[in-house]
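Novice: any chance you could fold what I've pasted below:
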Amino acid sequence: MHDAFKVYTVIEKLPHKIESIFAQGDKLYVGTLYGTLLVYSVREPLGQDEAISVTLMETLKTFSKKAIEQIDIIKAVGVLVTLSDGYINLHDLESFALRTQLGETRGANLFSVFSKIEIQDGFPQVVTRLAVAVRRKVIVFSWQDSEFMSTKDFTVTDRVKTMEWVGTQNLCMGFDNEYALMDCKTGDLTTLFSPTSPSVQGALGSTLGGALDTLNSFSSLATGGLMGFGSKPGKPLITRLANDEILLGKENSSISVGVDGTPKRKNGIEWSGMPEELGYSSPYAVAILSRHIEIRNIETRALVQSAEMPHARLLTQGKLLYIASTNEVWRLIPYSFPHQIDELVQKEEYQEAISLINQINPVLLEETPNTLDMIKTLYANHLFRTHHYEESLTLFSELDTPAAEVIGLYPAVISSHLPPKELEIVSPKSGDVDLKDTSAKNTQPIIMSTKELEDAVECLIRFLADKRQKIQKSLQALQNDDHDAFSYRHSNPKDEAEEHLQMLEIVDTALLKAYMMTHERLVGSLLRVNNHCNPEETESLLLKHKKYKELVDFYRGKQLHRKALELLKTIHGNPGEMHGVLPTVSYLQRLGVDHLPLILEFGTWILELDPAVAMKIFIDDEPEIDTLPRYKIMAYLERLSLDLCIVYLEHVIHELGDKTSDFHNTLVVSYLAQIQRDSSIHDNEDVVLTTKAKLLQFLDESTSYKAERILSRLPVDSCYEERAILLSRIGQHDQALNIYVHKLHNFQAAEEYCIKNFNSNDPARNVYLLLLKVYLRPPNREKPMLEPALDILTRHGTHIDPAAVLSLLPASTRIDQLFKFFEKSIRESNKTKHMDMIVKNLLKAERLQTQEQLTFYRSRRVKITEDRMCPKCNKRIGNSVFAVFPDGVVVHYSCKETMAAIGHWRT
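Specialist: Numbers count the residues shown, from 1 in each chain. The predicted structure follows:
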C-alpha cells in the first residue's frame, strides 16, 4: 500500500442533509434533502503542505421543492441537469434559473449524461446524450453542439436501478437481477453474463473464463442470473472507466466490461466488503464501504489505500474526487505520480509502480524516458532475490538487460569469470526517495540452497540462450553492413563488433558453466558449434571435470590444434572413450592441408605405435585427406617405413586412380626394395612370392611408370620376368622373348607374350616371327629349337609370312613337319582372297543402287500452275519460293517448317 490520495475535509457539520453532489472545474454543487442547492468555489492547494480552500458562493433555498436526487452538467448547452420530484429539470448554468422541465420524464428515478466530440459530415461536433430512466422505459435526449436534435423512447424489461454510457451509442443498465447493454440506435437489448448471450459465447473461453474464476460474486452466471447469490442482495453498481470500459459491481466483486459487453480484464476486483458506491479516478477504482473507503489499482486489483469515512454514501467521478456523507464532504486530491512511484519503489512494490506508469499519460511523469525500464530492472532484481527466478529472468529478457548484470547475481561458480563490478541501480527520480537502501539490498550476496541454485541455473540457461541468439543476430548485422550504413553512427562499427564479441564471451562462458552444473550432456553440443567461451576458463573447468572429449572439441573450434593434439597424446593411455590412438587419428584426418606440419609431426608417434590404424590419417575416405599433397606424404612415409609408403601408394594408385608417373615409379622401386629386403630373411619365401606377384601384376597393368628408369634398378642376375615386361614396354620384344626362352625356359609364357603383343597392322614388328628367330637363331651358336618353333608355326602360322619362315628353317627340316603350317597358310590365303572378292562385289552392287536412286530423283518434276494452292496457308503458290516434300506435296517455303512440325515429310 501507498498514499495515492491526500484526504481533505472540505465541508463538515452541514446543517442540511446531503442528497447529491457534483464537481465541475472549481465549482462543487451540493443538493440537499429539502431542495436547497449549495454552490461552493474550490481553490486547489498549490503545494503539498497547503490546505484546500472551499468557499460557499450561493445558497439557493428555493431551487427545488423536493430533494435534489442527482446533479450533472451539459456544458455544451450551458445547463445544470437535476433530478427532483420525479422530473428532469434543466437550469441555466450561470443564473440557475429553470429553463425547462422535461415533462415526458415524469416518474424518473435516475439519468446519465455523456458528451463527446464526433465527426459528422466531415466536421467535428460535440454530441451530448441524456438518458433518463422512467419506470420500465428509457428516454434518450440528444444535442449536437447546443442544438437539441431528437428524443427516443425505449422499453426495457424492468425498472432501471443504475445506468452508465459505454461509448457514444451503448447504454449499460443495471436491474434487480441482471445487467443489460442497449444499443440506442436500434434499441437492441443484450443481457450481460447470460449463458445464451453473444457476449458470453464469444468470451467465455478466454477473458471471461479467467475472470469468473476469481469473481465469486458472479458465480450465478451459469444459471443466467447475476444477482442470485448471498442472502442479502446488494444494489447494482456501474462506473465508467477510460477507453469506453465500465466497471460493474455486485456484492463484494467488480468486473470491467467493454463496449461490446465482453469482459476486458482477466480478473475482477474483490473488495473487502460490499460496496455501496463505486467511483473511478484514473488509474484507481474507489469503493465506499460501510465504515471506510477502499482505493484499488484497476489493473493489478491491489489495495492501494484505505481511509476511515464513517457514513460516506456519495462520490463523484474523475480527477475531482469528492465523497460525501449526510452532512460532511471530503476531497481526495491525488499525490503527484512521480511522488507515488518513488514511494512504491522505496517500499519495493515495483509491480504497482510499473502498473501505474503503464496506465498514466507520460506527460504526467517528470521522468526520464527509461524510467519504466529502470523500475522493471529493480523489480527483476527483487524477484531474483526473493527466489522467483522464472519471473525474474523472463523480465530481464524482456528488458534486454546486459547479460553481465544478470550473471553477476549468481554465485561465483557461475559468475567467477566476470570482473568484480557492483550492479548499478539508478533512481527513477532524484526526489524525495533515497535508493541507497535499495541499492544495498540489490548488491548483497544471495544465499541459495542447492535446489534453489539448480532452479536458478535452469532459468539462466533459457535467458542466456535467448541473449546469445540476439547478440549473434546483431553482430551479423554489423558485419554485413558496409561502412556507409554506419556513417550516421557516433561509434565505430569495429568497436561495436568488438563489444558484441566480448558480450558473447561472457554469455557463452556462463552458459558452459550452467550446463556443467545441470546438463552435462549439452556441454559437447555447445563446444562443437561456433562459440566464444573464454579459453582459460573453459580449459580449467573441463580439465577439472575430466571432460577431455569436450575440451578437444573446444580446442578444435578455437583452432588450438596443437593443444588438442598434445592433450590427446597425453591421455591416450587413460581408460575411457579417449583411449588409444583412434581419437588422435580422427582429429588429424579433419585438419586438412593448411595444418600439414601438425599432421606430420603428431602422426609420427601414432605410426610407430599402431601403424595399421595410423595409416587412416592418409588413406581414409575423408574430404580433408584428399586435399593433402601426395608428394609430401609419400616422401614423409618413405623416411618412416618402406611398408607404410607401399600401403599409401597402393591406395593412391588403386583406390584413387592417380596416374602420376612418379607414384607408379616409386611403387615399383619400393616393391623391388621390399623383395630384396625380405629375401635376406630366412623362411620368408611366402612373403617374397606375394610381393613379387603384386609387382608383376602392377607392371603388367600399369601404363604410367617409366620402364627405362626402372630397368636400371633391376639386378642383373634376377628379376628376369620383371625385366621382360619392362622390355616389352619399350618395344624390345626380341630381348623380352629371349628372356622367356633362354633365361626362364618358359615356352608357354613366350607364346602368351606373342598373343598379347601381336599387332596385325604392324607386320614389320611381327612378334611371332621374332619368337621364331629366337628359337631358330639362338645366341652363342647353340642348337636351334626346332620343336617349339614348329609348335608355334602349327598354332599361329597364319600370322607369319611363309617366305620368312622358309628362310629361317634349317635345311634339314622335313616337309611333313610343315604340313599343318602350309595347310593353314594356304587356307588363310584363300579365305582372304575370297573375302576380298565378296567385298568388291558388294561395293559394286551398292554403287549401282546409289546411281539408280540418283537417276530417279533427278527425273522427278513438279508443275506449278496458276491454280496450285499451298495446303498449309491455302494461298496460291504463284511466283513464290516453294518447297516440295518427297510425297509430291508442294508448299510455300515459309510454310515448310510448319508442315514438317505437324508430321509431314521433311524436305
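
Novice: pLDDT weak spots in the stretch 151-300 of the chain?
Specialist: 194-233 (pLDDT under 70).

Novice: contacts for stretch 11-26?
Specialist: For stretch 11-26, contacts defined as C-beta atoms under 8 Å, 6 or more residues apart in numbering pick out 28-34, 36, 38, 40-44, 54, 67-73, 75, 82, 314-316, 320, 322, 324-329. Glycine gets a C-beta too; all of them are placed from N, C-alpha and C.

Novice: hmm, I was thinking of stretch 691-706
Specialist: So stretch 691-706 is contacted by 653, 659-661, 663-665, 667-668, 671-672, 674-675, 678, 721-722, 725-726 (C-beta under 8 Å, 6+ apart).

Novice: list the buried residues for it?
Specialist: Thr691, Lys692, Lys694, Leu695, Leu696, Phe698, Leu699, Ser702, Tyr705 (16 or more other C-beta atoms under 10 Å).

Novice: what score does the fifth one have for pLDDT?
Specialist: Right, Leu696. We note a pLDDT of 88 for Leu696 in this prediction.

Novice: how close does it sit to Arg709?
Specialist: In this view, Leu696 and Arg709 are 18 Å apart by C-beta to C-beta, to the nearest Å.

Novice: again with the first one
Specialist: In this structure, Thr691 and Arg709 are 20 Å apart, going by C-beta to C-beta.

Novice: now do Gln469
Specialist: Taken as C-beta to C-beta, the span from Gln469 to Arg709 is 63 Å.

Novice: same question, Leu769
Specialist: 30 Å.

Novice: more neighbours, the two?
Specialist: Leu769 (20 against 13; other C-beta atoms under 10 Å).

Novice: list the contacts for the more buried one?
Specialist: Ile800, Asp801, Ala804.

Novice: so how do I select the buried members of the contacts of stretch 11-26 in PyMOL?
Specialist: With 16+ other C-beta under 10 Å as the burial test, the buried ones among the contacts of stretch 11-26 are selected in PyMOL as follows:
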select buried, resi 28+29+30+31+32+36+38+40+42+54+67+68+69+70+71+72+73+82+314+315+316+320+322+324+325+328+329
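
Novice: inside strands: which ones of the contacts of stretch 11-26?
Specialist: Among those, DSSP state E puts 28-32, 38, 40-43, 54, 68-73, 82, 314-315, 322, 324, 329 in strands.

Novice: next up, the contacts around Glu454.
Specialist: Neighbours of Glu454 in contact, by C-beta under 8 Å, 6+ apart: Met517, Thr518.

Novice: ignore the last one, Glu897
Specialist: No residues are in contact with Glu897 under the rule C-beta under 8 Å, 6+ apart.

Novice: confirm that it sits in a helix.
Specialist: Yes: according to DSSP: H, G, I helix; E, B strand; the rest coil, Glu897 belongs to a helix.

Novice: most neighbours among the contacts of Leu769, which one?
Specialist: Ile800 (20 neighbours).

Novice: residues touching that one, list them.
Specialist: Contacts of Ile800 (C-beta under 8 Å, 6+ apart): Asn766, Tyr768, Leu769, Leu772, Leu793.

Novice: pLDDT at it, what is it?
Specialist: 77.

Novice: what's the answer for Asp484, then?
Specialist: Reported pLDDT for Asp484: 47.

Novice: neighbours around the residue lying closest to Pro788 once chain neighbours are set aside, how many?
Specialist: If the residues on either side of it in the chain are set aside, Pro788 comes closest to Phe747, at 5.0 Å by C-beta to C-beta, 6 or more residues apart in numbering. Neighbours of Phe747 under the rule other C-beta under 10 Å: 18.

Novice: over to Pro338?
Specialist: What Pro338 shows, counting by other C-beta under 10 Å, is a neighbour count of 18.

Novice: Three-state assignment for Ile21, please.
Specialist: Going by three-state DSSP: Ile21 is strand.

Novice: any idea how far it is from Ala4?
Specialist: Ile21 is 21 Å from Ala4, by C-beta to C-beta.

Novice: what does Ala97 give?
Specialist: Ala97 is 40 Å from Ala4, by C-beta to C-beta.

Novice: for stretch 496-508, list the C-alpha coordinates in CSV.
Specialist: What follows is stretch 496-508, C-alpha atoms only, in CSV (Å, rounded to 0.1, in the frame of the first residue of the first chain):
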residue,chain,number,x,y,z
GLU,A,496,30.6,-2.2,-31.6
ALA,A,497,31.6,-5.5,-33.1
GLU,A,498,34.3,-5.9,-30.5
GLU,A,499,31.9,-5.1,-27.8
HIS,A,500,29.4,-7.7,-29.1
LEU,A,501,32.2,-10.3,-29.1
GLN,A,502,33.0,-9.5,-25.5
MET,A,503,29.4,-10.0,-24.6
LEU,A,504,29.3,-13.3,-26.4
GLU,A,505,32.3,-14.5,-24.5
ILE,A,506,30.6,-13.6,-21.2
VAL,A,507,27.4,-15.3,-22.3
ASP,A,508,28.9,-18.5,-23.7
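
Novice: and that stretch, what's buried?
Specialist: His500, Met503, Leu504, Glu505, Ile506, Val507, Asp508.
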